[in-house]
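Asks: no sequence on hand, only this structure:
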Ligand code: CAA
């Protein structure tokens, strides 16, 4: 199944991996309102598809995304931008239960980096450039940058990036701990796909409950987070996949998970 969109491409690999490619190459995949609506819709469709275990989100070799579309925001005022409530699409993206792997090449700036940070695993080509340059436009990040970047790399590095607008390369971001793997440029997508294929072998219900517990760790106290983890763990013991996974281990064979 391949659905057609104007600003993105969406397709399915191996009947288990959802792929979304941002597709506004002329403007370095600037995230306009239409693109964000399509992205939220495509991700939701994958989330509702019982065959899809993991999603890859990518751009093209030159840009993952160079940020929110500045031409759409330039003439806004406080009231008009609030009433449009464009960030509601971002809210729905952070509620996606399926893990998302960001496969990044080229620019991941502003909203582009914020979108990367809504993902669960980040793979980057060594040419990738990251930054929150909103300060150069007289504003600050508005789609999670001050919060997610700070939680990911710490207050001091995040302050430097957000307040100077400096761009840093993939190696440096890897050292900061934001990226899982930096690979030669030509391998950024295949590396993300390899990770996706590994995840796709697992139980869909366990994958989703695992993601939920990890994501909640940023919002809950340790005690609350441990309680949620334990409940999710216990809950999995009512799944067929838990029975199959443990039985297969005992029988020294590969499990056949059904996602139930
Ligand atoms: N919005 C709209 N258009 C953009 C864009 C953006 N964020 N980024 C690039 N483009 C457009 C350019 O206007 C240009 O279009 P034209 O050919 O029609 O002139 C085209 O993409 C190619 O860009 P450049 O000619 O600038 O390419 P370059 O290689 O010289 O520079 C760049 C690349 C350094 C990424 C530069 O394009 C740039 O600085 N872009 C803006 C980055 C930015 O400030 N991002 C933050 C946006 S605000 C935000 O994201 C808020 C939030 O938190 C949600």
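Replies: Good, I have the coordinates. All values derive from a computational prediction rather than experimental measurement.

Asks: alpha carbons only for contacts and neighbour counts from here, please
Replies: Noted.

Asks: tell me where the model's unsure across the chain.
Replies: The chain contains residues with pLDDT under 70 at 1-3.

Asks: can you give me the helices in it?
Replies: Along the chain, counting by DSSP state H, helices occupy 33-48, 70-73, 78-84, 88-93, 111-117, 150-153, 155-164, 170-176, 188-200, 204-216, 222-236, 240-250.

Asks: could you say which of these is packed most deeply?
Replies: The highest mean neighbour count among those, using mean count of other C-alpha atoms under 10 Å, belongs to helix 111-117: a mean of 25.

Asks: quick one: contacts of that one?
Replies: For helix 111-117, contacts defined as C-alpha atoms under 8 Å, 6 or more residues apart in numbering pick out 30-31, 64-68, 102, 108, 122, 130-132, 141-145, 148-149.

Asks: at 7 Å instead, please
Replies: 64-68, 102, 130-131, 143-145, 148 (C-alpha atoms under 7 Å, 6 or more residues apart in numbering).

Asks: a markdown table for these, including distance to the ligand?
Replies: A markdown table is the format used below for the contacts of helix 111-117 (distance: C-alpha to the nearest ligand atom, whole Å):
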| residue | distance to the ligand |
| --- | --- |
| 64 | 10 |
| 65 | 8 |
| 66 | 5 |
| 67 | 4 |
| 68 | 4 |
| 102 | 17 |
| 130 | 10 |
| 131 | 8 |
| 143 | 5 |
| 144 | 7 |
| 145 | 7 |
| 148 | 12 |
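
Asks: thinking again about what came up before, a markdown table please, covering the helices of the chain and showing distance to residue 15.
Replies: Listed next are the helices of the chain as a markdown table, based on distance: least, C-alpha to C-alpha, whole Å:
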| stretch | distance to residue 15 |
| --- | --- |
| helix 33-48 | 11 |
| helix 70-73 | 36 |
| helix 78-84 | 36 |
| helix 88-93 | 22 |
| helix 111-117 | 24 |
| helix 150-153 | 32 |
| helix 155-164 | 38 |
| helix 170-176 | 31 |
| helix 188-200 | 10 |
| helix 204-216 | 13 |
| helix 222-236 | 24 |
| helix 240-250 | 19 |
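
Asks: of all the ones you listed, which lies closest to residue 58?
Replies: Residue 58 lies closest, by C-alpha to C-alpha, to one member of the helices of the chain: helix 188-200, at 8.0 Å.

Asks: who does the closest one touch, helix- and strand-wise?
Replies: With contacts taken as 3 or more C-alpha pairs under 7 Å, 6 or more residues apart in numbering; DSSP states H and E, helix 188-200 sits against strand 54-58, strand 100-104, strand 121-125.

Asks: and those, which is most packed in?
Replies: strand 100-104 (a mean of 27).

Asks: other SSEs contacting it?
Replies: Using 3+ C-alpha pairs under 7 Å, 6+ apart, strand 100-104 is in contact with strand 54-58, strand 121-125, helix 188-200.

Asks: hmm, 6 Å instead?
Replies: Counting by 3 or more C-alpha pairs under 6 Å, 6 or more residues apart in numbering; DSSP states H and E, the packing neighbours recorded for strand 100-104 are strand 54-58, strand 121-125.

Asks: get me the contact residues on this structure for the ligand.
Replies: Residues of the chain lying close to the ligand (C-alpha under 6 Å from any ligand atom) are 26-28, 30, 66-71, 109-111, 133-134, 141-143.
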